[in-house]
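Chemist: Okay, here's the prediction I keep looking at, along with the sequence it came from:
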Amino acid sequence: DIQMTQSPSSVSASVGDRVTITCRASQGISTWLAWYQQKPGKAPKLLIHGSSSLQTGVPSRFSGSGSGTDFTLTISSLQPEDFAIYFCQQTDSFPHTFGGGTKVAIK
Amino acid sequence: QVQLVQSGAEVKKPGASVKVSCKASGYTFTDSYLHWVRQAPGQGLEWMGWINPNSGGARYAQKFQARVTMTRDTSITTAYMELSRLKFDDTAVYYCAKYNSDSYGGWFDPWGQGTLVTVSS
């Protein structure tokens, strides 16, 4: 199975800050990487697919990059509604594993 | 709009089975695979498997291979996930999600609202 390692596991930041989350795959997955945002009591919401393609309707302050084993999700200017948990997921091979999540909290 | 609506919360005893439904609308049901993911309280996301609504074929994560069955009823555009021989640590929110893909990757969107399954004696 491909292991997905996210870091950090949590980050405290202020409104307006730039936040970067990384995701490392245990083997190459090309660009078969998606990012999701999850708020308490809600289902995950797709942000980015294909490593860098912004899902329709998602604010442009979110961006993704990477290929192979190393990926990043960047929030360019953190907004109050962005405080949530973020997960990466590989869909290159089965099982479609998820990273452990990164909690973005208010500083 | 594309929507997945799941059945309501369940409480089951250890050793019992649970069957969760996922009603799809807003797209051609047989055109897209449906995946199932679970999330234990306060924990991360765990992929369980997929079903091809067109053929009825399914593939399961090895961890659940012996206990899970995914089926569908195309007449009512609904997929089902049945988990048997429930254990306390099967307590989780279970999600269905529609699979999409292009040349660069695959992704889950949308997700159902989730179904809480509580295993309690």
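Modeler: Structure received. Numbers count the residues shown, from 1 in each chain, chains lettered A, B, ... in the order given.
Chemist: Flag every buried residue along stretch A:1-16.
Modeler: Residues of stretch A:1-16 classed as buried: A:Ile2, A:Met4, A:Gln6, A:Val11, A:Ala13 (neighbour count, 16 or more other Cβ atoms under 10 Å in any protein chain shown). Bear in mind the C-beta positions are built from the backbone N, C-alpha and C, glycine included.
Chemist: Let me see the mean pLDDT of that stretch.
Modeler: For stretch A:1-16, mean pLDDT is 97.
Chemist: what's near enough to touch B:Thr28?
Modeler: By Cβ atoms under 8 Å, 6 or more residues apart in numbering or on different chains, B:Thr28 lies in contact with nothing.
Chemist: give the contact list for residue 91.
Modeler: This is for chain A. Taking Cβ under 8 Å, 6+ apart, we find A:Thr91 in contact with A:Trp32, A:Leu33, A:Ala34, B:Tyr99, B:Ser101, B:Gly105, B:Gly106, B:Trp107.
Chemist: ah, I was thinking of chain B
Modeler: Contacts of B:Thr91 by Cβ under 8 Å, 6+ apart are B:Ala40, B:Pro41, B:Val117, B:Thr118, B:Val119, B:Ser120.
Chemist: same check, this time on B:Trp107
Modeler: So B:Trp107 contacts A:Ala34, A:Leu46, A:His49, A:Gly50, A:Gln55, A:Gln89, A:Thr91, B:Tyr99, B:Asn100, B:Ser101 (Cβ under 8 Å, 6+ apart).
Chemist: want to throw the contacts of B:Thr91 into JSON lines with neighbour count and secondary structure?
Modeler: Shown next, in JSON lines, are the contacts of B:Thr91 (neighbours: other Cβ atoms under 10 Å in any protein chain shown; DSSP: H, G, I helix; E, B strand; the rest coil):
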{"residue": "B:Ala40", "neighbour count": "13", "secondary structure": "coil"}
{"residue": "B:Pro41", "neighbour count": "9", "secondary structure": "coil"}
{"residue": "B:Val117", "neighbour count": "20", "secondary structure": "strand"}
{"residue": "B:Thr118", "neighbour count": "15", "secondary structure": "strand"}
{"residue": "B:Val119", "neighbour count": "20", "secondary structure": "strand"}
{"residue": "B:Ser120", "neighbour count": "10", "secondary structure": "coil"}
